[in-house]
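# Here you go, sequence then predicted model.
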Amino acid sequence: MSNKVVHLGIIMDGNRRWAAEKGKSSMEGHIAGARKVREVVRWCSKRDIGYLTLYAFSTENWKRSKAEVAFLIKLIGKFLDENLKEFSKEGGQMIFIGDKSPFPESLKRRIDEAEIITRNNEKITVSILLNYGGRAEITAAVKKLVENNAKPEEITEELVAESLYTAGIPDPDLIIRTSGEQRLSNFLLWQSAYSELYFCRNHWPDFSEKDLDKALEEFSLRQRRLGK
């Protein structure tokens, strides 16, 4: 029996390399990457993938130039302004995962609004990782357990999972990374323990529906023993 992807994770890599190869600015690369998000959400929804998690802004991205970081923050807000209404109409639920405290109040309000407007939608749940890092998430979960006075003998894998940002969301079956790099880069470290990995050479703005189907087809043929 072929495998079914319930939860797909994507590390959206290569916006800047795509731009450099085309003689464009990094900002133009990020704009092209944002446009690609809407296409990929539609493709996944059409294939009955229930959960899609996108790595949009990592904890390490703050190390980039102030100008680029400021542009990325504005782009996230612009993406919500331009796509939220249509996204909700198509039955998508939008969740933002990560430490949102450093972001401007205007963006945090947009994020809250997006989650409220889409919270009852059930066609596809799209989790957007913002100021997210897998190690930071696990660290936050440990702090939460300590604050709740959890005793050592009470701490189980299930309890840790319930303390993560992704509580209630199934672990990803398949993780795709674009642009040829072959590493997780701090993406869902706990949740990816048994995820299948697929690396696509195309940069994120060039990721195609054919690329998605190729990844899903390869996944369907893999033997998932899950340690058994």
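The structure has been received and is ready for your questions.
# so where do the helices sit in the protein?
Assignment of helices within the chain using DSSP state H yields the ranges 15-21, 26-46, 66-89, 105-118, 134-147, 157-162, 209-221.
# what about the chain, any weak spots by pLDDT?
Across the chain, the ranges flagged by pLDDT under 70 are 1-2, 226-228.
# repeat that for 90
1-3, 222-228 (pLDDT under 90).
# Geometric centre of it: which residue is closest?
Centroid-nearest residue in the chain, with CA atoms, centre = their mean: residue 54, separated by 1.9 Å.
# what sits against that one?
Contact partners of residue 54, counting by CB atoms under 8 Å, 6 or more residues apart in numbering, are 9, 10, 12, 37, 40, 126, 127, 128, 129. (Each C-beta comes from the backbone N, C-alpha and C, glycine too.)
# Adding mean neighbour count and distance to residue 192 as columns, could you present the helices of the chain in TSV?
Below are the helices of the chain laid out as TSV (neighbours: other CB atoms under 10 Å; distance: least, CB to CB, whole Å):
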stretch	mean neighbour count	distance to residue 192
helix 15-21	19	22
helix 26-46	18	18
helix 66-89	15	24
helix 105-118	14	24
helix 134-147	15	8
helix 157-162	13	13
helix 209-221	15	14
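# Let's have the ones you listed in CSV, adding distance to residue 201.
Shown next, in CSV, are the helices of the chain (distance: least, CB to CB, whole Å):
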stretch, distance to residue 201
helix 15-21, 11
helix 26-46, 16
helix 66-89, 24
helix 105-118, 32
helix 134-147, 24
helix 157-162, 33
helix 209-221, 9
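# returning to what we had before: what's the closest of the contacts of residue 54 to residue 147?
Of all those, residue 129 has the smallest distance to residue 147: 23.3 Å, by CB to CB.
# Could you check how many residues crowd around the closest one?
27 (other CB atoms under 10 Å).
# Let me know the distance separating it from residue 82.
Going from residue 129 to residue 82 by CB to CB, to the nearest Å gives 20 Å.
# With residue 99 as the reference, name the closest of the helices of the chain.
Nearest to residue 99, of the helices of the chain and by CB to CB, is helix 134-147 at 6.9 Å.
# Go ahead and name everything in contact with that closest one.
So helix 134-147 is contacted by 59, 98-99, 155, 159-160, 163-166, 184, 186-190 (CB under 8 Å, 6+ apart).
# top of the residues you listed by neighbour count?
residue 188 (27 neighbours).
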